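Asks: What follows is a predicted protein model with its sequence.
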Amino acid sequence: MDLIQRVQQHFEESIAAKMAAVEVLSPAIALAAEKVVQTLIADGKILACGNGGSAADAQHFAAEMVGRFERERPGLPAIALTTDSSALTAIANDYDFDLVFSKQVHALGRAGDILVAISTSGNSANVISAIHAAHDRQMTVIAFTGRDGGQIADLMTGDDVNICVPHPRTARIQEVHITAIHALCDAVDFMLLGGD
Ligand SMILES: O=C(CO)[C@@H](O)[C@H](O)[C@H](O)[C@H](O)COP(=O)(O)O
Ligand SMILES: [Zn+2]
């Protein structure tokens with residue numbers, strides 16, 4: 001396989017991963033959007049976390065909520081727990097890296113808020129710990145996972161939503177996650193603003 005074919009394979013695999021996910025994920029994304037809107041109407045907020053590429057996804061999602069997605073609207077309350085380097089380093093240094101998100105969830109989360117927890121493996125300890133903290137705070141969890149959902153799948157309650165991408169490869173799972181996040185933003189705007 002030459003370099004161009006390698007590149008083409010990424011595109012083809014990404015398209016196939018999305019095609020395989022569309023039926024199974026669309027109802028879960030729609031349900032997640034309903035829960036987000038319910039929380040916003042009740043004056044709640046969204047906290048988001050993840051590691052590596054999923055940290056970028058958490059920030060991407062929060063930016064589209066606070067700023068805008070595609071349409072003009074007032075900013076919506078969302079905080080990425082991945083951006084405060086002082087809090088992250090202090091918690092990791094003084095306690096444990098596994099607690100970098102959960103300490104923030106305990107401090108900032110209120111009953112009725114939502115935690116968006118992103119992990120392609122479903123097994124990142126700091127994301128799992130954040131989910132436990134969210135449940136302690138009586139928050140709803142919207143998880144973005146992959147493969148079999150890992151340990152996160154077992155933590156989901158009846159009120160939570162697990163958007164689990166049926167694919168073994170992290171990169172492909174992330175590519176479906178960002179499409180799902182954009183679909184979620186669009187669905188939230190559609191419910192809040194109406195329109196096409
Ligand atoms: O973006 C990528 C790989 O595509 C990496 O940065 C990846 O996000 C990191 O290895 C994460 O630590 C993986 O964590 P998780 O998705 O299993 O929770
Ligand atoms: Zn990546």
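Replies: Alright, I've got the coordinates. Ligands and ions are numbered 1, 2, ... in the order given.

Asks: going forward, measure contacts between C-alpha atoms and count neighbours the same way
Replies: OK.

Asks: could you point out which element follows the lengthiest helix in the chain?
Replies: In the chain, assigned by DSSP state H, the helix with the most residues is helix 3-41. Going down the chain from helix 3-41, the next helix or strand is strand 46-50, by DSSP states H and E.

Asks: I'd like to know which elements that next one is packed against.
Replies: helix 53-66, strand 78-80, strand 114-118 (3 or more C-alpha pairs under 8 Å, 6 or more residues apart in numbering; DSSP states H and E).

Asks: Need the contact partners of the shortest one.
Replies: Contact partners of strand 78-80, identified using C-alpha atoms under 8 Å, 6 or more residues apart in numbering, comprise 45, 46, 47, 48, 49, 58, 59, 62, 63, 65, 66.

Asks: hmm, who's touching whatever helix or strand comes next after it?
Replies: Sequence order places helix 85-94 as the next helix or strand after strand 78-80, per DSSP H and E. Contacts to helix 85-94, defined as C-alpha under 8 Å, 6+ apart, come from residues 82, 97, 98, 99, 100, 101, 103.

Asks: Sort out for me which of those residues are in helices.
Replies: Taking DSSP H, the ones among those that sit in helices are residue 103.

Asks: Name the nearest of the contacts of helix 85-94 relative to residue 150.
Replies: Comparing the contacts of helix 85-94 against residue 150 with C-alpha to C-alpha places residue 98 closest, at 16.6 Å.

Asks: what's the distance between that closest one and ligand 1?
Replies: For residue 98, the distance to ligand 1 equals 12 Å [C-alpha to the nearest ligand atom, to the nearest Å].

Asks: which intervals of the chain have sub-threshold pLDDT?
Replies: Applying pLDDT under 70 to the chain flags residues 196.

Asks: Name the residues of the chain found near ligand 1, please.
Replies: With C-alpha under 6 Å from any ligand atom as the criterion, the chain meets ligand 1 at residues 51, 52, 53, 54, 119, 120, 121, 122, 123, 124, 170, 171.

Asks: I'd like to know which of the residues you listed are buried.
Replies: 51, 53, 54, 119, 120, 121, 122, 123, 124, 170 (16 or more other C-alpha atoms under 10 Å).

Asks: Now render the contacts of strand 78-80 as JSON lines, adding neighbour count and distance to residue 38.
Replies: Formatted as JSON lines, the contacts of strand 78-80 follow (neighbours: other C-alpha atoms under 10 Å; distance: C-alpha to C-alpha, whole Å):
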{"residue": "45", "neighbour count": "23", "distance to residue 38": "10"}
{"residue": "46", "neighbour count": "25", "distance to residue 38": "11"}
{"residue": "47", "neighbour count": "26", "distance to residue 38": "15"}
{"residue": "48", "neighbour count": "29", "distance to residue 38": "17"}
{"residue": "49", "neighbour count": "30", "distance to residue 38": "20"}
{"residue": "58", "neighbour count": "27", "distance to residue 38": "20"}
{"residue": "59", "neighbour count": "21", "distance to residue 38": "21"}
{"residue": "62", "neighbour count": "24", "distance to residue 38": "17"}
{"residue": "63", "neighbour count": "18", "distance to residue 38": "20"}
{"residue": "65", "neighbour count": "21", "distance to residue 38": "15"}
{"residue": "66", "neighbour count": "15", "distance to residue 38": "17"}
